[in-house]
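Undergrad: Everything below, folded, please.
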Amino acid sequence: GTRGQLAGKHTSGGTLLDPPEDDTPALASLGIDKHAAQEFRLAAQLPEALFHSLLNTDGRLTFSALRRAVRDHEREERNAADLDADLPAEGSSWRLLEADFHDVALPPASVSAVITDPPYGHEFLSSYEDLGSWAAGVLCPGGSLLALVGQAHLPDVLALLSRHLSYQWTLALILGGGHSMMYQRKVNVGWKPIVWFTLGRYNGPTNRDVLQAGSQEKDRFDLQQGESQFGDLVRMFSNRGDLVADPLCGTGTTGVAAIKLGRHFMGIDSNPERIANAKVRLHEASQASSA
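TA: Predicted structure coming up:
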């Protein structure tokens, strides 16, 4: 039915009532089960025009589509707020640049670790050689590049990065929740490779090669990664006071982890919305760390 029909069972005089502490008896007495109640609450979060635009031709809307619409609407509002915030692009221990990383020259031997999550598709393969070249120009001797990559083109990625850096190892990020299907390869994927390259000989501590992914954090971007695994990488491959860089920083997850762990951070991305997201997140992380 329509949003008005859904919300009508929860209103009095047109005003949404707060649910009672134990709303099960009240809902049951109205003939409303818990699943329907969830639909009503989700529908009430959407603007009227958006809700009606989502209705199927028969006037029905699936629960999954409704939940996805609320998530997307909240994300759009959050991204708009980030863009309107117009915050400075740097703090006491970090800096963001809206640019293509190819055009950004950092001082040689200034970065202890490059930690990033490049795009995975075949059309982006050529960017991995550029990434390797850029990392080789900024890393300290023995410094590390850690890149989350997809399995489908892993041999090509390894070959391209090896043109500029030394292959050290491939770490496994074990994925939580539902696994994804790669139908063309007939594989149910439960892990993600993190390739590890170094500039020259690595002399750092011994590290484990299996990491557990934390909870998904997609509040601003579909490809947004969780902070937990980036925190592990920052902790494993840098020390307090070191400079960590992410030349494809997206919403700034690497930077959030670096700031919370007492590192300096340089983030680069060519997408203005992603940089706006990152500025808000890094300012919040800086305030939390100094509190």
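
Undergrad: pLDDT weak spots in the stretch 151-291 of the chain?
TA: Low-confidence segments of the stretch 151-291 of the chain (pLDDT under 70): 177-179, 215-225, 291.

Undergrad: do that again at 50, thanks
TA: 220-221, 223-224 (pLDDT under 50).

Undergrad: Quick one: the helices in it, in order.
TA: For the stretch 151-291 of the chain, the helices defined by DSSP state H, counting those that start in this stretch occupy 154-161, 227-237, 253-260, 272-290.

Undergrad: What lies in contact with the second one?
TA: What it means is helix 227-237. Applying C-beta atoms under 8 Å, 6 or more residues apart in numbering, the contact partners of helix 227-237 are 112-113, 115, 144, 146, 173, 194, 204-205, 207, 211-215, 217, 244, 253-254, 256-258, 260-261, 263. To be clear about C-beta, it is placed using only N, CA and C from the backbone, and glycine gets the same treatment.

Undergrad: residue boundaries of the strands in the stretch 101-250 of the chain?
TA: Along the stretch 101-250 of the chain, counting by DSSP state E, counting those that start in this stretch, strands occupy 111-116, 139-148, 166-174, 180-182, 187-189, 191-198, 210-212, 243-246.

Undergrad: Just the buried positions in the longest one, please.
TA: For strand 139-148, the buried set under the neighbour-count rule, 16 or more other C-beta atoms under 10 Å, comprises 139-140, 143-148.

Undergrad: about what we covered before: Ser93 is nearest to which of the strands of the stretch 101-250 of the chain?
TA: Minimum separation from Ser93 across the strands of the stretch 101-250 of the chain (C-beta to C-beta) falls at strand 243-246, 9.4 Å.

Undergrad: on contacts alone, who are the packing partners of the closest one?
TA: Counting contacts by 3 or more C-beta pairs under 8 Å, 6 or more residues apart in numbering; DSSP states H and E, strand 243-246 packs against strand 111-116, helix 253-260, strand 264-269.

Undergrad: Need those in TSV (columns: distance to His122 and mean neighbour count).
TA: Shown next, in TSV, are these (distance: least, C-beta to C-beta, whole Å; neighbours: other C-beta atoms under 10 Å):
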stretch	distance to His122	mean neighbour count
strand 111-116	19	27
helix 253-260	24	27
strand 264-269	22	26
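
Undergrad: of all those, which lies closest to Leu282?
TA: Ranked by C-beta to C-beta, the member of these that lies closest to Leu282 is helix 253-260, at 5.1 Å.

Undergrad: Can you tell me what sits against the closest one?
TA: 91, 93-94, 96, 115-117, 217, 224-227, 230-231, 233-234, 238, 244, 246, 249, 264-265, 267, 278, 281-282, 285-286, 288-289.

Undergrad: hmm, 7 Å instead?
TA: 93-94, 115-116, 224-225, 227, 230-231, 234, 244, 246, 249, 265, 267, 278, 281-282, 285-286, 289 (C-beta atoms under 7 Å, 6 or more residues apart in numbering).

Undergrad: are any of those buried, and which?
TA: For those, buried by 16+ other C-beta under 10 Å: 93-94, 115-116, 224-225, 227, 230-231, 234, 244, 246, 249, 265, 267, 278, 281-282, 285-286.
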